[in-house]
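Model the structure of this input:
(one chain, ligands or ions: 1)
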Amino acid sequence: MENLDQQQAETLSAIAEASTPDAVEAIRVSALGKQGWVSALLKSLGGMTPEQRQSEGPKIHAARESVTLALTERKGALESAALEARLAAETVDLSLPAPQLPKGSVHPVSQVMDELAEIFADMGFAVASGPEIEDDWHNFTALNMPETHPARAMHDTFYFPDKDAEGRDMLLRTHTSPVQIRSMISQGAPLRIIAPGRVYRSDSDATHTPMFHQIEGLVIDKGIHLGHLKWTLETFLKAFFERDDIVLRLRPSYFPFTEPSVEVDVGYTLINGKRVVGGSGDAENGGWMEVLGSGMVNRKVIEFGGLDPDEWQGFAFGTGVDRLAMLKYGMDDLRAFFDGDVRWLGHYGFGALDVPTLSGGVGVRS
Ligand code: 2NL
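Below is the predicted model:
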């Protein structure tokens, strides 16, 4: 069977030289396929004598074995070479920087509210909240603002067309004071709270937006006097502006809900034409700027809060959160606060992890 030896040798060397899986497949068909030479030899066994079959059979089967094995090995080698080449070409550079994901920021108003909560919590104040849709009793009457008070006018306050279940006018709260009335009624005395939140007035120009943020504070206890008010506000302003040289100027004023009423100015110094809080306003390059309204809680308001004014006294204060944020962080246009411009937020916003703490500094920026 020289023919077999020769065909086997030729097939094995063709397999060794095959450079693609397709070439290997073509060789398989030519040897093992229906018309292949191995198949032809296997068929030829049928026409042989038993002796011939005995001697030729094993050779033919051995040839088929060796060709099959060579095909399998070559196919495997070519496939793994192709895989290697692909892996080499498709490397991922793990040292490349990851694509930058858009990152949100904490609005300066939220940041300042968190700073205020932190500062007042250290003085034993709890944070109170209440509804933004109020009735006129909690928003005006209980605060000693009679039916004739000008702030009650339609052109200052947003009223709803309907009355509530008790027949009271409904409105968007014009200050956070009703939260404090509700706290007095529900919690009683003594009381130490701050009420930060959104308030609404029918007012819109360069320095007024119809919605803005206010924070008010209320202390009710026995023997509370103006000295407690002054110390509390001075301690608060020093912590908020992160300066020890804060000087206060208290001026007599009028609010219906406090008696006496006191407006609080803080001294600033002009540095390169900018107002920097700190120092006496009476100094050479100084001035005074109003930052808070305050006073001793009016006896009538304590009564509306369900308490006996001969037993309990208190002080209260209020200020604008948006204005405090502008003063501390140097924004000059109030309207930009509520435009929702992501470029403005990216510039003035705070990192989510810049949480105000008294030890780390309430106004630390990343
Ligand atoms: C200001 C002035 C002020 C109050 C708010 C208040 C609340 C109760 C009782 C008494 Cl329940 N007073 N709040 C007192 C004085 C001033 O705010 O300029 N706000 C922006």
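
who's in contact with residue 240?
115-116, 119, 324, 328, 362-363 (Cβ atoms under 8 Å, 6 or more residues apart in numbering). Glycine gets a C-beta too; all of them are placed from N, C-alpha and C.

could you pull out the strands for this protein?
126-127, 133-135, 159-163, 169-172, 191-200, 211-221, 248-255, 258-271, 274-277, 286-297, 313-320 (DSSP state E).

So what touches the third one?
So that's strand 159-163. Outside strand 159-163, the residues touching it (Cβ under 8 Å, 6+ apart) are 133, 169-171.

What is the most widely separated pair among those?
Greatest spacing in these, by Cβ to Cβ: 133 and 169 (11.2 Å).

More neighbours: the two, which one.
A count of neighbours by other Cβ atoms under 10 Å puts residue 169 above the other of residue 133 and residue 169, at 17 against 12.

rewinding a little: mind listing which of the contacts of residue 240 are in helices?
If you go by DSSP state H, these have 115-116, 119, 324, 328 in helices.

got CSV for those, with distance to the ligand too?
Listed next are the ones in helices among the contacts of residue 240 as CSV, based on distance: Cβ to the nearest ligand atom, whole Å:
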residue, distance to the ligand
115, 18
116, 13
119, 18
324, 10
328, 17
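
what about the protein, any weak spots by pLDDT?
1-2, 365-366 (pLDDT under 70).

that older thread, which member of the contacts of strand 159-163 is positioned nearest the ligand?
Of all the contacts of strand 159-163, the ligand sits closest to residue 171, with 16.8 Å by Cβ to the nearest ligand atom.

measure the closest residue to residue 316 other than its chain neighbours to the ligand for me?
Closest residue to residue 316 apart from its sequence neighbours, by Cβ to Cβ, 6 or more residues apart in numbering: residue 218 at 4.8 Å. For residue 218, the distance to the ligand equals 5 Å [Cβ to the nearest ligand atom, to the nearest Å].

can I assume residue 133 is in contact with residue 170?
Yes. With contact defined as Cβ atoms under 8 Å, residue 133 counts as touching residue 170 (6.1 Å).

Tell me how the protein divides into domains.
Listed domain ranges for the chain are 1-88, 108-348 (source: the TED database).

Up against the ligand, what does the stretch 151-300 of the chain have?
177, 180-181, 214, 216, 218, 255, 257-258, 293-295, 297 (Cβ under 6 Å from any ligand atom).

Rebuild those as a markdown table, extending it with neighbour count.
Rendered in a markdown table, the data for those read as follows (neighbours: other Cβ atoms under 10 Å):
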| residue | neighbour count |
| --- | --- |
| 177 | 27 |
| 180 | 30 |
| 181 | 24 |
| 214 | 20 |
| 216 | 25 |
| 218 | 26 |
| 255 | 20 |
| 257 | 24 |
| 258 | 24 |
| 293 | 20 |
| 294 | 25 |
| 295 | 23 |
| 297 | 25 |
